[in-house]
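Student: Got a sequence here, can you model it:
(chains A and B)
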2 protein chains.
Amino acid sequence: MSKARVLIVTADEFEDTELICPMNRLLEEGCTVDVASLAKGMVTGKKGYKVEVDLTVEELAKDPSEIYDLLLLPGGKAPAKLRQNNRVLEIARSFDRVDKPIAAICHGPQILISAGLLKGKRATSYSSVAPELKEADALYEDTEVVVDGKYVFSRHPQDIPAFSREIMRQIEALT
Amino acid sequence: MSKARVLIVTADEFEDTELICPMNRLLEEGCTVDVASLAKGMVTGKKGYKVEVDLTVEELAKDPSEIYDLLLLPGGKAPAKLRQNNRVLEIARSFDRVDKPIAAICHGPQILISAGLLKGKRATSYSSVAPELKEADALYEDTEVVVDGKYVFSRHPQDIPAFSREIMRQIEALT
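Tutor: Sure, this is the predicted structure:
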């Protein structure tokens, strides 16, 4: 399903390659990718790359999982801000509720912890997030990619090849 | 041919995503990727990403096209330095001589101009390199990706999805 629609939720200080490489990979495949953030304009990564915001989280449909096929949560310092926003947490829950894929890397899983979605799930994250994952009763694994049902997790930028491979498998599995 | 071997030739001040995104894409597919540069250690991109150098251009086999299936030349300021190195130009000629794929983006084609390989070829590059391409009797096209035989060219980071798509087509076409 190469015409899949993907939603990226991010903010300033995202980890540049964790957003840009999977986004390029999805565009290569012909997917539509929308970037949502807390405000319009551009978001700027930790290394200085700028990415255009397509719409704010407030502008998104109430149930974005009705429109999008996969939710992608890059890491960096963005998730620490995003997890404090109730609308962002509702977006994540919208995908979980209908069992649509959610892919989170590095600090991205922090949003899923705050949304209360990881209890009992196998997961990974940036090493400093591991204690939080365990406290949230997730089953932490220190490996390049963890797939639990429709959830895909990776640890850091070096894992992007494995992370993208599993994202593309989720895309191919869409009906 | 997912076990293809790819050679990236670069140096400090490479354009970070033009190296990292295609490299991640190739690793996702199971390819082996070696990074060659002018000296051992790490190369640092314009935005600060560091990539490990696997071997120097002097350490490479005389005809690297006997070992590698595709040559990838990212952009940034690296090609301006690399084009002054005769060994780098010989590496490019080695792939051309046996008609193996060469993919160059942004300022990467500068190396191919100095190697005298682009006369009569359809090509693209970063806009500021276009006059040089034309002087070298290449047929410049202002489009996201140009494929002429085994050559793949793109203009800038926004073209990476199309650039990677055509690199993967070259990899798939390897016998």
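
Student: can you give me the helices in chain A?
Tutor: With DSSP state H as the criterion, chain A has helices at A:16-28, A:78-82, A:86-97, A:109-114, A:130-135, A:160-173.

Student: What average pLDDT does the fourth one get?
Tutor: In this case it means helix A:109-114. Mean pLDDT, computed over helix A:109-114, is 98.

Student: Then the fifth one?
Tutor: For helix A:130-135, mean pLDDT is 97.

Student: Identify the bridge partners of residue A:154.
Tutor: Counting by DSSP bridges, residue A:154 is bridged to residue A:105.

Student: Distance of the closest residue to residue A:142 other than its chain neighbours relative to chain B?
Tutor: The shortest distance from residue A:142 to any non-neighbouring residue, by Cβ to Cβ, 6 or more residues apart in numbering or on different chains, is to residue A:124 (6.7 Å). C-betas here are computed from N, CA, C, even on glycine. Per Cβ to the nearest Cβ, to the nearest Å, residue A:124 is found 18 Å from chain B.

Student: was I right about residue A:124 contacting residue A:146?
Tutor: Yes: assessed by Cβ atoms under 8 Å, residue A:124 is found in contact with residue A:146 at 4.6 Å.

Student: Residue A:10 is in contact with residue A:43, isn't it?
Tutor: Yes: the pair residue A:10 / residue A:43 is scored as a contact, 5.8 Å apart, by Cβ under 8 Å.

Student: what touches both of the two?
Tutor: Common contacts of residue A:10 and residue A:43 (Cβ atoms under 8 Å, 6 or more residues apart in numbering or on different chains): A:35, A:37, A:51, A:78.

Student: Now for the last one, how many residues are close by?
Tutor: Going back to what we said before, that points to residue A:78. Look at residue A:78: counted by other Cβ atoms under 10 Å in any protein chain shown, it has 29 neighbours.

Student: One more: the second one?
Tutor: Residue neighbour count, defined by other Cβ under 10 Å, stands at 25 for residue A:37.

Student: Next: the third one.
Tutor: When neighbours are counted by other Cβ under 10 Å, residue A:51 registers 19.

Student: contacting residues for residue A:120?
Tutor: Residue A:120 is in contact with A:137-139, counting by Cβ under 8 Å, 6+ apart.

Student: Neighbour count says what about those residues? Which are buried?
Tutor: By neighbour count, with 16 or more other Cβ atoms under 10 Å in any protein chain shown, those hold residue A:138 as buried.

Student: Give me the neighbour count for the residue nearest to residue A:142.
Tutor: By other Cβ under 10 Å, 27 other residues sit near residue A:124.

Student: Just list the residues touching it, thanks.
Tutor: Residue A:124 sits in contact with A:109, A:130, A:133, A:140-143, A:145-146, A:153-155, where contact means Cβ under 8 Å, 6+ apart.

Student: so the spatially most central residue of chain A bridges to which residues?
Tutor: Nearest to the geometric centre of chain A sits residue A:73, at 1.7 Å (Cα atoms, centre = their mean). Beta bridges link residue A:73 to residue A:104 when assigned by DSSP bridges.

Student: quick revisit: which of the contacts of residue A:124 are buried? Put it as a ChimeraX command.
Tutor: Buried subset of the contacts of residue A:124, written as a ChimeraX selection, criterion 16+ other Cβ under 10 Å:
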select /A:109,130,133,140,141,145,146,153,154,155
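
Student: where in chain A is pLDDT low?
Tutor: Flagging of chain A using pLDDT under 70 yields the residue ranges A:1-2, A:175.

Student: what residues does it put near chain B?
Tutor: Contacts of chain A with chain B, taken as Cβ under 8 Å from any Cβ of the partner chain, map to A:16-17, A:20-21, A:24-25, A:27-28, A:47-49, A:160-162, A:164-165, A:168.

Student: Hmm, residue A:100 is touching residue A:65, no?
Tutor: Yes: between residue A:100 and residue A:65 a contact is recorded at 4.9 Å, counting by Cβ under 8 Å.

Student: export the contacts of residue A:120 to CSV and tack on distance to residue B:84?
Tutor: CSV is the format used below for these (distance: Cβ to Cβ, whole Å):
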residue, distance to residue B:84
A:137, 58
A:138, 52
A:139, 54
